[in-house]
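Student: Need a 3D model of the following:
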Amino acid sequence: MLVMGYASPTTPSHTEQTRMTIEDQDNREPETIVSLPTQPSASRVADDVPPHTVDFHIVGMGASAGGLEAFEAFFKACPSDTGMGFVLVPHLDPDHQSLLTEILQRCTTMPVAQALDQIRVEPNHIYIIPPNRDMAILHGVLQLSLPDHARGHRLPINGFLRSLADDQAEHAIGIILSGTASDGTLGLRAILGVGGVCMVQEPSTAKYDGMPKSAINAGYATHILPVTAMPSMLVKLAGQSIFRQKVPHVLPSTTLSTLNQILLQIRSSTGHDFSLYKRSTIARRIERRMAQNNIEDMVIYARFLKQNPAEVQVLFKELLINVTSFFRDAEAFAALKQDILPALFADKPAEYVFRVWVAGCASGEEAYSLAIVLRELMDEMHKDFKVQIYATDLDDEAINTARSGTYPAGIALDVSPERLSRFFIDEATGYKIKKNIRDMVVFAVQSVIKDPPFTRLDLLSCRNLMIYLEREQQDRLIPIFHYALKAGGVLFLSSSESITHHPELFTVLNRKWKFYRSSLTSLTVNIPFKASSVMTPETNKMPTVIAVNKAQVGGIADISNRLLLQSYAPASVTTDAKGNILYVHGDTSHYLRQPAGIVTTNVVEMAREGLQLDLRLAIQSATQGDSTLGREVSLKTETGTQSVKFSVRLLPAASTSASESMLLVSFQDVAEVVKPHVKRNRGKLAASSEAQMRIVQLERELAYAKENMQASIEAQQATNEELKSANEELQSTNEELQSSNEELETSKEELQSLNEETITVNSELNNKIEQLSVIQNDLQNLFDNVNTGTLFLDYHLIIRRYTRDAVKVYRLIEADVGRPLGDITSNLQGASLLPELHVVLETLIPREREVQANDGTWYLARMKPYRTLDNVIDGVVLTFTNITESHEAAQIKLAAVQLARELAEDIVNTVREPLVVLDSDLLVVSASRAFYQYFLVAPEQTVGRKIYDLGNGQWNIPALRELLEEVLPQRQVMENFMVYHDFPELGKRRIVLNARRIVTALGKIELILLAMMAVEVADLP
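Tutor: This next block holds a predicted model:
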């Protein structure tokens, strides 16, 4: 993980700890190492690369089964003016139209809409992913696409939250609510890595706690709350400093002083110094911890750290958060496989050991990605090198995760289905790396900056690590990487990193994806480590020392001791507790040889004849603490028999760990002792002869025992072979069972996904049913309280439903639902309504008419087409409104009007002067009896005609026209208007006209009342 090292003078050397970690934890051979400082972790999003953000916060919310209730509870408690945009990503049935939009709209006043492609997220708005779509966000704009994975293998929450983290950086907020499985965990990991906020529903309050528990157990939840408490926390966090402004690249002096105090507390507590970590990045991490502790001032937070040692560890872990993934930058891995590795594999012998170091491996995804690429390429090229991948990181929790090789199901977004099936085991909780890939990688806790690096490397991967360091520290690491690589080895960096200040050390292979080849150089490179710590695993000779200060070389005593060791020390080998050779000193070919068959490094198997049995027993005794010193045996060589003295010593505990002992086996020839020649008498000859016979007998018994021992060994080996064969058969059976188990797990995942979708749809339908139940109750109460009889008929006039008051018109009972209306006897008088109902269905034109029941009640019958919400005609609605009172009132009013009319006509006819009533078009409406008598016109020739046309046009008088068309429209009343006219039949007359405009009560009909009085005159004026 990302951190910079500090070695306290009171702590033991971390170099030795690292050596033991590699050897003990993964049971691999020790590596030659050189002492260096600590590293930051690799594979995470750069804090210093500004993402495309909006000026408000976008909240991504994921849920699965049980999520509907959680969404409703959240938005009921959420204010409508938070200033945040909400994007909801539930697991939806791809074949079912979601009702979530209208359901949530009833819970909030914020606009709720189904997301559309290329729609920009607005504050105080809610967007919901459509069914059968994947969703991402770019520059604050939602991007929709068809899913790439089959149903049951989709992880839409992970996909969107990771996209949100990339787009919004520390402004991203992720929330995981109720649901099964683990979708959303990797998404929160990405948001946490860029400094965002991650909220998870309290598992005890979730209907299904799978997704919340997965995120909590992974350590990616910054807040664990009930759903109803989340909105208030969002509002609170939005007002704190971490969201109000970005950290400046140049910190004020007061802030810098406080920051240094915090770094000192971390150093004193953890032993790690962050002084060369980029200040703007570390300040953001500190401010996030301040926000989570509700602290606004960094000075107060520094005091808080002193009073709470546990917070120091939490802050330290905050700086070690890893964000990585399998095959990150897929094009870079493609270039590695197609262009870089084939060149490195070229001309390598079959027994070649290909060495790789992944510095800052985080939780191991990149190390395993390299192992997979190497395995694929070796299979394609039909090569089988031994691959040793050393993956190191400072975060012990991340290393433990990497060692387990277990990852959540969300890695399916980054790993192709072919690679998943080939290199992973599908388990109930996710995926596990297969053994052949796991065995290629050794994981260890190590610091790139202060701990020794691995050497003689073919490939060194250090990606997204140096972007967190100041330039000074970056310039220190590049020469170290050059030293660790073989000549021609390749350095693999991220696209944000480079070797700008050291171009003489590397040659560019791929500028875009940052592949560099180590160059041979005569330049002196200063590397801060001791010369005595530099040893190569292939030879016991000291390598060339690079820029070693002469003062660091030992004195005369050291040189003398080294020469004496090489000249007089016996041939020896260092082995582990099982006898596997780890190191060879001197020429051991006189005692050890490589047997025929499979190559071995076991000292017992390599021992020459006569040495194996005693050496095996001595090693077994030494591992139990009983060292063997000076045992002598007869060794058969090519030239005969040789006495050899060997010893087995247990190395001191300070040199190794208790769990993995190491032994030193030394060999030395025994010189023959030449005895002086003396005279022997017969007694002595007899004693010598008897002793010689005894020796021969013992040798014979010893040979017999050895033969029996050899037979037992051979029988044991045969038994081992049989057991090995049986084990292979069992392993084959186990693989078949594993394959069947993988198929069952796949089916289980698909069924689980379908079950989640079904639960979501069921929740929506239950909500809809509740809504329909409320609507039905409302309609029933409406029908019961409205005195209108209503019948709902289908297209064939079959009764679907009727209200209570409809029984007064038709004799209906409950059993009549489903029967034709024509079969029901009505209480109406007159013609049936059925023909008119058919006309309404054919023409779609509503009709209505008044009908009377047998009991004298009057109804207004309305007939309208029955339209669905889709505007489809599916029957007719027949309503009966009781209008008895209004009908009786109309009859009474009509009678009164008729009476008034008759009375008015009697009054008019009683008046002696002629009187005529005109409408607005000057047509005669009626005239008095005096008018007909005086002007000698008949009623049938008067009513309905214009006054100018009466009496064959004799009323076409200009003065009358002036009165009616010009004067009267401008005045309400005109009195004593004089008109002189010579009538053909009446003669010369003077007519006095009185006119009045009359408007009816409805204000629509205008009448003119014209009264006239005619006087005979002699001459016209």
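
Student: all contacts plus neighbour counts: C-alpha atoms, from now on.
Tutor: OK.

Student: Identify the residues contacting the spatially most central residue of the chain.
Tutor: The centroid of the chain falls nearest to N158 when counting by C-alpha atoms, centre = their mean (1.5 Å). For N158, the contacting residues are 183-188, 410, by C-alpha atoms under 8 Å, 6 or more residues apart in numbering.

Student: what's the strand or helix carrying R800 in contact with?
Tutor: Under the criterion of DSSP states H and E, R800 resides in strand 799-802. Residues outside strand 799-802 that contact it (C-alpha under 8 Å, 6+ apart): 789-794, 816-821.

Student: picking that back up, are any of the contacts of N158 buried, and if so which?
Tutor: Among these, those that count as buried by neighbour count (16 or more other C-alpha atoms under 10 Å) are 183-188, 410.

Student: Out of the residues you listed, which sit inside strands?
Tutor: Judged by DSSP state E, the buried ones among the contacts of N158 include no members of strands.

Student: Farthest pair within these?
Tutor: The most widely separated members of those are L188 and G410, with 11.5 Å between them, by C-alpha to C-alpha.

Student: measure the residue nearest to the centre of the chain to I119 for me?
Tutor: Shown here: N158 relative to I119, a distance of 20 Å by C-alpha to C-alpha, to the nearest Å.

Student: Ok, A77 next?
Tutor: 26 Å.

Student: again with N956
Tutor: For N956 relative to I119 (C-alpha to C-alpha), the value is 76 Å.

Student: next one: K645
Tutor: Taking C-alpha to C-alpha, one finds K645 at 86 Å from I119.

Student: just to revisit the earlier point, pull up the pairing partners for the strand holding R800, direction included.
Tutor: strand 788-793 (antiparallel) (DSSP bridges).

Student: what's the average pLDDT for the strand it pairs with?
Tutor: Mean pLDDT, strand 788-793: 89.

Student: likewise stretch 98-106?
Tutor: 87.

Student: mind listing what's buried in it?
Tutor: 98, 100-101, 103-105.

Student: Can you tell me what sits against it?
Tutor: Against stretch 98-106 from outside (C-alpha under 8 Å, 6+ apart): 68, 71-72, 75, 92, 111-114, 128, 130-131, 761, 764, 767.

Student: what about stretch 824-843, average pLDDT?
Tutor: 88.

Student: so where do the strands sit in the stretch 801-950 of the chain?
Tutor: Assigned by DSSP state E, counting those that start in this stretch, the strands in the stretch 801-950 of the chain fall at 847-852, 858-867, 873-882, 915-919, 924-927.

Student: Reformat these as TSV; add mean pLDDT and mean neighbour count.
Tutor: As requested, those are arranged in TSV below (pLDDT from 0 to 100; neighbours: other C-alpha atoms under 10 Å):
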stretch	mean pLDDT	mean neighbour count
strand 847-852	89	15
strand 858-867	91	20
strand 873-882	91	21
strand 915-919	83	22
strand 924-927	82	19
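
Student: Show me where the stretch 151-300 of the chain has its helices.
Tutor: Assigned by DSSP state H, counting those that start in this stretch, the helices in the stretch 151-300 of the chain fall at 156-168, 185-193, 210-217, 230-238, 241-244, 253-270, 279-292, 298-307.

Student: Determine which stretch of those is the most buried.
Tutor: helix 185-193 (a mean of 28; mean count of other C-alpha atoms under 10 Å).

Student: tilt between that helix and helix 210-217?
Tutor: Going by axes from the mean of the first three to the mean of the last three C-alpha atoms, to 10 degrees, helix 185-193 is angled at 40 degrees with respect to helix 210-217.

Student: hey, C-alpha coordinates of helix 185-193 in PDB?
Tutor: Provided in PDB are the C-alpha atoms of helix 185-193 (Å, rounded to 0.1, in the frame of the first residue of the first chain):
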ATOM      1  CA  THR A 185     -18.600  -3.700  -3.000                       C
ATOM      2  CA  LEU A 186     -16.000  -3.000  -5.700                       C
ATOM      3  CA  GLY A 187     -17.900   0.200  -6.600                       C
ATOM      4  CA  LEU A 188     -17.500   1.500  -3.000                       C
ATOM      5  CA  ARG A 189     -13.900   0.500  -3.100                       C
ATOM      6  CA  ALA A 190     -13.400   2.800  -6.100                       C
ATOM      7  CA  ILE A 191     -15.200   5.700  -4.500                       C
ATOM      8  CA  LEU A 192     -13.300   5.300  -1.200                       C
ATOM      9  CA  GLY A 193     -10.100   5.200  -3.200                       C
END
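
Student: Which other helices and strands does that helix contact?
Tutor: helix 156-168, strand 172-176, strand 197-201, helix 210-217 (3 or more C-alpha pairs under 8 Å, 6 or more residues apart in numbering; DSSP states H and E).

Student: do that again at 10 Å, thanks
Tutor: On a contact count with 3 or more C-alpha pairs under 10 Å, 6 or more residues apart in numbering; DSSP states H and E, helix 185-193 meets strand 58-63, helix 156-168, strand 172-176, strand 197-201, helix 210-217, helix 309-319, strand 406-408.

Student: longest helix in this protein, by residue count?
Tutor: Longest helix in the chain by number of residues (criterion: DSSP state H): helix 682-785.

Student: which other helices and strands contact it?
Tutor: helix 67-77, strand 85-90, helix 100-105, strand 424-427, helix 612-623.

Student: hmm, 8 Å instead?
Tutor: So helix 682-785, by 3+ C-alpha pairs under 8 Å, 6+ apart, packs with helix 67-77, helix 100-105, strand 424-427.

Student: Tell me which of these lies nearest to Y934.
Tutor: helix 100-105 (80.2 Å).

Student: How far off centre is the helix or strand following the closest one?
Tutor: Remark: after helix 100-105, the chain's next helix or strand is strand 112-114, criterion DSSP H and E. Taking the mean of its C-alpha atoms, strand 112-114 sits 20 Å from the chain's own mean (C-alpha atoms, centre = their mean, to the nearest Å).

Student: residues making contact with strand 112-114?
Tutor: 101-102, 104-105, 125-130.

Student: can we see that at 10 Å?
Tutor: Applying C-alpha atoms under 10 Å, 6 or more residues apart in numbering, the external contacts of strand 112-114 come out as 86-88, 98-106, 124-131.

Student: Quick one: list the elements packing against the helix or strand following that strand.
Tutor: Heading C-terminal from strand 112-114, the first helix or strand you meet, by DSSP H and E, is strand 126-128. Packing partners of strand 126-128 (3+ C-alpha pairs under 10 Å, 6+ apart): strand 58-63, strand 85-90, helix 100-105, strand 112-114.

Student: just checking, next helix/strand downstream of strand 126-128?
Tutor: According to DSSP H and E, the helix or strand after strand 126-128 is strand 134-138.

Student: which residues are contacting the helix or strand following that following strand?
Tutor: Note on strand 134-138: by DSSP H and E, the next helix or strand toward the C-terminus is strand 141-145. With contact meaning C-alpha under 10 Å, 6+ apart, strand 141-145 is reached by 54, 87, 115-122, 127, 129-130, 132-137, 160, 164, 167.
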